[in-house]
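A.B. asks: just coords:
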């Protein structure tokens, strides 16, 4: 029969044949973008329907709520908040299991549950060292050290015990990097670094001359260490114009650095600013009331804040009413920042001068 195809099986597969029953090569088509997850499905649909291939661009996958990878501080804070806190019974059970069995899972759970404690303590020393991530890193070292020394049978919570080791490591880092001449490298030196001036002031108030001998006896440290630390702490400032190595020497300004801002400090402050600016923008989007928008734009975030009286006259309310609305907005803003960034970061909101 002339109308009968010589190979009916070929028809079912969708293959194109010429008049003699020979397969015809398909026309070349544009290459698709590689999509490993959709290639097999696309090929199946193409063979079964014969439709024209269309390139499909899928959006990149992103975990919901994930922080930006280039924002190291914000990303770390988000990761630390992923680990829930422990109640006293759960904490003690994990500590006992780690001490008796050396269970690494129990140790990991104790450490991760207290990461927010490290962040909170690190921010207390933010003024002494602008890069908070450095302080957090040292605090985490103290957290691990506390875990290795903790005794769960002494009746004290691990978080309460760990904070002393966290502070100790942060303070050691600050002392090591406080100035070019390293101070407090010994146990007595660390004690003098923090207590020498306080003890000297106490002796003066009591009418006692603060000699090195009196200070060494009061602090129970060797007298020669009192002399060394006192000399470093009270070293006079040098003029940058003073010649080095004699009257004809080069000025000190040509040898020492200019004291400009540390690039790491600049980056750390920039990261912190970006975190807060992003949260402020999110908070501002939720403001719908015209009066709140005016207070936000013209007082709380303005370079030259408008007065309460001017805003009160504009909206036909008293100055006190505008102040109450502003106080309520500040409370909402603080709650928003605490929810978004965690309660480890201290947040201080000041009202503009009226």
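C.D. replies: Received the coordinates, thanks. Keep in mind that what you see is a predicted model, and the values were worked out from it rather than measured.
A.B. asks: Which elements pack onto the helix or strand where residue 332 lies?
C.D. replies: In the assignment (DSSP states H and E), residue 332 maps to helix 319-341. For helix 319-341, the packing partners by 3 or more Cβ pairs under 8 Å, 6 or more residues apart in numbering; DSSP states H and E come out as helix 263-285, helix 290-295, helix 308-315. Using the backbone N, CA and C atoms, a C-beta is placed for each residue, glycine as well.
A.B. asks: Contact partners for residue 170?
C.D. replies: Residue 170 sits next to 121, 122, 125, 135, 138, 139, 142 when contact means Cβ atoms under 8 Å, 6 or more residues apart in numbering.
A.B. asks: Turn these into JSON lines, columns for pLDDT, distance to residue 175 and neighbour count.
C.D. replies: Formatted as JSON lines, the contacts of residue 170 follow (pLDDT from 0 to 100; distance: Cβ to Cβ, whole Å; neighbours: other Cβ atoms under 10 Å):
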{"residue": "121", "pLDDT": "92", "distance to residue 175": "16", "neighbour count": "21"}
{"residue": "122", "pLDDT": "91", "distance to residue 175": "16", "neighbour count": "24"}
{"residue": "125", "pLDDT": "83", "distance to residue 175": "11", "neighbour count": "17"}
{"residue": "135", "pLDDT": "91", "distance to residue 175": "13", "neighbour count": "26"}
{"residue": "138", "pLDDT": "93", "distance to residue 175": "11", "neighbour count": "23"}
{"residue": "139", "pLDDT": "93", "distance to residue 175": "15", "neighbour count": "28"}
{"residue": "142", "pLDDT": "94", "distance to residue 175": "14", "neighbour count": "23"}
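A.B. asks: Of all the helices and strands in the chain, which has the lowest average confidence?
C.D. replies: helix 39-49 (a mean of 40; mean pLDDT, DSSP states H and E).
A.B. asks: In terms of residue numbering, what are the domains of this protein?
C.D. replies: 8-49, 72-176, 265-341 (automatic domain parsing).
A.B. asks: average pLDDT for the last one?
C.D. replies: Averaging pLDDT along domain 265-341 yields 86.
A.B. asks: quick one: terminal-to-terminal distance for that domain?
C.D. replies: Start-to-end span of domain 265-341 (Cα to Cα, to the nearest Å) is 21 Å.
A.B. asks: hang on, the earlier thing: highest average neighbour count across the domains of the chain?
C.D. replies: Highest mean neighbour count among the domains of the chain (mean count of other Cβ atoms under 10 Å): domain 72-176, with a mean of 17.
A.B. asks: how close does residue 146 sit to residue 111?
C.D. replies: Look at residue 146 and residue 111: by Cβ to Cβ, to the nearest Å, they are 9 Å apart.
A.B. asks: hang on, isn't residue 126 packed against residue 132?
C.D. replies: Yes: in this structure, residue 126 is within contact of residue 132 by Cβ atoms under 8 Å, at 5.7 Å.
A.B. asks: So residue 226 sits against residue 218, correct?
C.D. replies: No: Residue 226 is beyond contact range of residue 218, at 9.8 Å (criterion: Cβ under 8 Å).
A.B. asks: Neighbour count for the two, which is higher?
C.D. replies: residue 226 (25 against 16; other Cβ atoms under 10 Å).
A.B. asks: which secondary structure elements does the helix or strand containing that one contact?
C.D. replies: In this assignment (DSSP H and E), residue 226 forms part of helix 223-233. Applying 3+ Cβ pairs under 8 Å, 6+ apart, one finds that helix 223-233 contacts helix 187-205, helix 212-219.
A.B. asks: list the buried ones in the shortest one?
C.D. replies: Of the residues in helix 212-219, 214, 215, 216, 218, 219 count as buried by neighbour count, 16 or more other Cβ atoms under 10 Å.
A.B. asks: Then the longest one?
C.D. replies: By neighbour count, with 16+ other Cβ under 10 Å as the criterion, the buried positions of helix 187-205 are 188, 189, 190, 191, 192, 193, 196, 199, 200, 203.
A.B. asks: any chance of those residues in CSV, plus distance to residue 332 and pLDDT?
C.D. replies: Formatted as CSV, the buried residues of helix 187-205 follow (distance: Cβ to Cβ, whole Å; pLDDT from 0 to 100):
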residue, distance to residue 332, pLDDT
188, 51, 71
189, 48, 70
190, 44, 68
191, 46, 72
192, 47, 75
193, 43, 70
196, 46, 80
199, 47, 86
200, 47, 86
203, 50, 86
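A.B. asks: just those now: which is nearest residue 331?
C.D. replies: Nearest to residue 331 among the buried residues of helix 187-205: residue 193, at 40.1 Å, using Cβ to Cβ.
A.B. asks: that older thread, out of the helices and strands packed on helix 223-233, flag the one nearest residue 282.
C.D. replies: Among these, helix 187-205 sits nearest to residue 282 (Cβ to Cβ), with 41.0 Å.
A.B. asks: Just the residues contacting the closest one, thanks.
C.D. replies: Residues contacting helix 187-205 (Cβ under 8 Å, 6+ apart): 171-172, 175, 183-184, 209-210, 214-215, 218-219, 221-222, 225-226, 228-230, 233.
A.B. asks: now swap in stretch 87-105 and tell me
C.D. replies: With contacts defined as Cβ under 8 Å, 6+ apart, stretch 87-105 is touched by 86, 106-107, 109-110, 113, 147, 150-152, 157-159.
A.B. asks: please redo it, this time with the cut-off set to 6 Å
C.D. replies: Stretch 87-105 has contacts (Cβ atoms under 6 Å, 6 or more residues apart in numbering) with 106, 107, 109, 110, 152, 158.
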